[in-house]
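S.K.: Next come a sequence and a model predicted from it.
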Amino acid sequence: MARGIISRYGLGLHKQRPLRAALGVTIMKRLAVAVAAALVLAFAGTASAQAPIVIKFSHVVSPDAPKGKAAVYFKELAEKYTNGKVKVEVYPNSSLYKDKEELEALQLGSVQLLAPSISKFGPLGVREFDIFDLPFLMSDDTRARQMMASPIMADFNKKLEAKGVTPLAYWDNGTHVYTANKPLILPTDFRGMKMRIQGGKVLDAVARQLGAIPQIIGFGELYQALQTGVVDGEDNVPSNIWTQKFYDVQKYLTVSNHGRLHYSLLTNKKFWEALPADVRPQLDRAVKETTQFFDDTAAHDNADALEKIKAGGKMQFHVLTDAEKKAWIAALMPVHKEMQGRFGKEMLEKIYKASGFVPPES
Ligand code: SIN
């Protein structure tokens, strides 16, 4: 290029030397600037590789529970699929946020991922999810899972998004059993019992309908509440009872399958939408694969936990007979009726159809 300029202006040989030298300096300067710019870019690249996007994933259960395992599985996939552009920090056992605090922390952007039970959305001001707590509504495993992945959830999801949180997936942790310090076989056995509930109007109504006294207690405080007699019983999935060692502080277990534990994998809406284009599809893929992992793990771990609790011999087991189950459903149908006013008849019928619940003839 220097040579072209020189010949175009037809300069004499005697003048070419200093000019060539001057042009050489300019080129050198430009080269130096280009090299410096390249170095800055290279350093910027290194810096971004050294400072990945951090996703804090907080949850309230043991690392050995299905949700604890799924959180670690997600971490591994997310970090692998994004080639280290994302780092996931998992905080189990309410070590970062407790039940009461975590949803607000998510809204504020202090944490980026949670997987709370959908029965705990009351404090968010989203009460529609309480419908899924209607007793015996979701006893059919297949239909329960299908429903939570179906378009029926679109309106529910919008309610969450209006609060600044996006549900990325629903994870099914199976059906609830009761544990207590006395046998619970007939609906009347609940009378006067102080029963821990997760929260929500439906779970409150269920306990009251049975003649029990409901108390909302965070999952992290539940062991102690059972141990000290703050409450006499609770309901949960076997994997939580096993990993939290509730069998040390509760004598009786009733396999009632009266409720279901669904989680929603929640993120902060603004955070997720602002993720770079070369990161978000990889995270979406990790979410999808973790959801399958979670559902398979939960089904396996809950069956396994029930066997282990039984084999441990510390709890006395009772599996509701068909007749007993009928009596429980009959005793709890007034809650369904009462909640018609809250959710609307049409919505209730829609959910019954999706879940396969057939109300008994009254
Ligand atoms: C959980 O599995 O996240 C906790 C459920 C509960 O609070 O009972």
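M.R.: That came through fine.

S.K.: For whichever residue of the stretch 251-362 of the chain sits closest to the ligand, report the pLDDT, please.
M.R.: Using Cβ to the nearest ligand atom, the point where the stretch 251-362 of the chain gets nearest to the ligand is L261, with a distance of 5.9 Å. Heads up, the C-betas are built off the backbone N, CA and C, glycines and all. Per-residue confidence at L261 stands at 98 (pLDDT).

S.K.: Wait, a strand at it?
M.R.: Yes - when DSSP: H, G, I helix; E, B strand; the rest coil is applied, L261 is found to be in a strand.

S.K.: residue contacts, it?
M.R.: Counting by Cβ atoms under 8 Å, 6 or more residues apart in numbering, L261 touches 117, 119, 172-176, 236-237, 240.

S.K.: redo that, cut-off 10 Å
M.R.: Counting by Cβ atoms under 10 Å, 6 or more residues apart in numbering, L261 touches 66-67, 117-119, 138, 171-176, 198, 235-237, 239-240, 298, 302.

S.K.: could you pull out the helices for the stretch 201-350 of the chain?
M.R.: 201-209, 219-227, 238-243, 269-273, 280-312, 322-343, 345-355 (DSSP state H, counting those that start in this stretch).

S.K.: quick one: is the first one near the ligand?
M.R.: This means helix 201-209. No - counting by Cβ under 6 Å from any ligand atom, the ligand is not contacted by helix 201-209; separation bottoms out at 10.2 Å.

S.K.: quick one: low-confidence ranges for the chain?
M.R.: Filtered on pLDDT under 70, the chain yields the residue ranges 1-50, 362.

S.K.: show me what contacts the residue nearest the centre of it?
M.R.: For the chain, the residue lying nearest the average C-alpha position, counting by Cα atoms, centre = their mean, turns out to be A115 (1.7 Å). Neighbour list for A115: 57-61, 66-68, 70-71, 74, 102, 168-171, 173, 263-266, 290, 294 [criterion: Cβ under 10 Å, 6+ apart].

S.K.: Quick one: mark the members of these that sit in strands.
M.R.: Secondary-structure check on the contacts of A115 using DSSP state E: residues within strands are 57-58, 168-171, 173, 263-266.

S.K.: Farthest pair within those residues?
M.R.: Comparing every pair within these by Cβ to Cβ identifies S58 and Y170 as the most remote, at 18.2 Å.

S.K.: Which of the two has more residues huddled nearby?
M.R.: Between S58 and Y170, counted using other Cβ atoms under 10 Å, S58 has the larger neighbour count: 26 against 23.
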